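**Student:** Pasting the sequence and the predicted model now:
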Amino acid sequence: MDKLRTVYSLQYPDIMKVQITAYNMYGWGPVSDVNTLGATVYDVPLAMISPTRGPETKIASIHVLWTPLTAINDIRAPVVLSYNLQWDKGTNGVQWESLVGLSTETKQLSFTAVTGISGG
């Protein structure tokens with residue numbers, strides 16, 4: 001998608017209309033009709049707002065909340081299919097593991113981690 005945006009200056013929700021023609025050893029054939037509906041250019045969502053600690057955080061669990069993308073903060077929000085929450089496994093950002101949303105699509109807006117959590 002980046003190549004399309006860079007080369008053709010296309011951005012969501014631009015409409016791209018196209019037509020086509022074929023060439024053989026005798027020359028170019030007639031041009032097709034334009035696809036009248038066009039094709040909407042899509043792009044990846046914007047960056048999410050940082051998640052926060054939720055009110056259900058306890059000594060041995062962490063409750064994480066995040067704000068959904070909406071048309072107010074990202075016009076592409078209606079096409080969001082999943083949010084993927086990851087944690088760094090205590091490696092200071094070296095090794096990341098998905099907690100929710102990568103293997104199974106989810107639009108949930110919170111997650112409570114209870115495995116491997118100890119007080120302090």
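**Tutor:** Yep, it's here. Numbering: from 1, shown residues only.
**Student:** can we go C-alpha only for contacts and neighbour counts from here?
**Tutor:** Noted.
**Student:** which intervals of this structure have sub-threshold pLDDT?
**Tutor:** Along the chain, segments meeting pLDDT under 70 span 1-8, 10, 12-13, 41-43, 73-78, 118-120.
**Student:** Residue most distant from the centroid, it?
**Tutor:** Within the chain, the residue lying farthest from the chain centre (Cα atoms, centre = their mean) is Tyr26, at 46.3 Å.
**Student:** Distance check, that residue against Ser32.
**Tutor:** Using Cα to Cα, to the nearest Å, Tyr26 is found at 18 Å from Ser32.
**Student:** need the helices for the chain, in chain order.
**Tutor:** 2-8 (DSSP state H).
**Student:** Break it into its domains for me.
**Tutor:** The chain resolves into domains spanning 2-40, 45-120 when parsed by automatic domain parsing.
**Student:** Can you say which of those is packed in most?
**Tutor:** domain 45-120 (a mean of 13; mean count of other Cα atoms under 10 Å).
**Student:** Next, the contact list for the closest residue to Thr112 other than its chain neighbours, please.
**Tutor:** In space, Thr112 comes closest to His63 once its chain neighbours are excluded; the distance is 4.3 Å by Cα to Cα, 6 or more residues apart in numbering. Contact analysis of His63 by Cα atoms under 8 Å, 6 or more residues apart in numbering lists 53-57, 110-113.
**Student:** mind listing which of those residues are in strands?
**Tutor:** 53, 110-113 (DSSP state E).
**Student:** Including distance to Asn84, could the residues you listed go into JSON lines?
**Tutor:** JSON lines is the format used below for these (distance: Cα to Cα, whole Å):
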{"residue": "Arg53", "distance to Asn84": "16"}
{"residue": "Ser110", "distance to Asn84": "11"}
{"residue": "Phe111", "distance to Asn84": "11"}
{"residue": "Thr112", "distance to Asn84": "14"}
{"residue": "Ala113", "distance to Asn84": "14"}
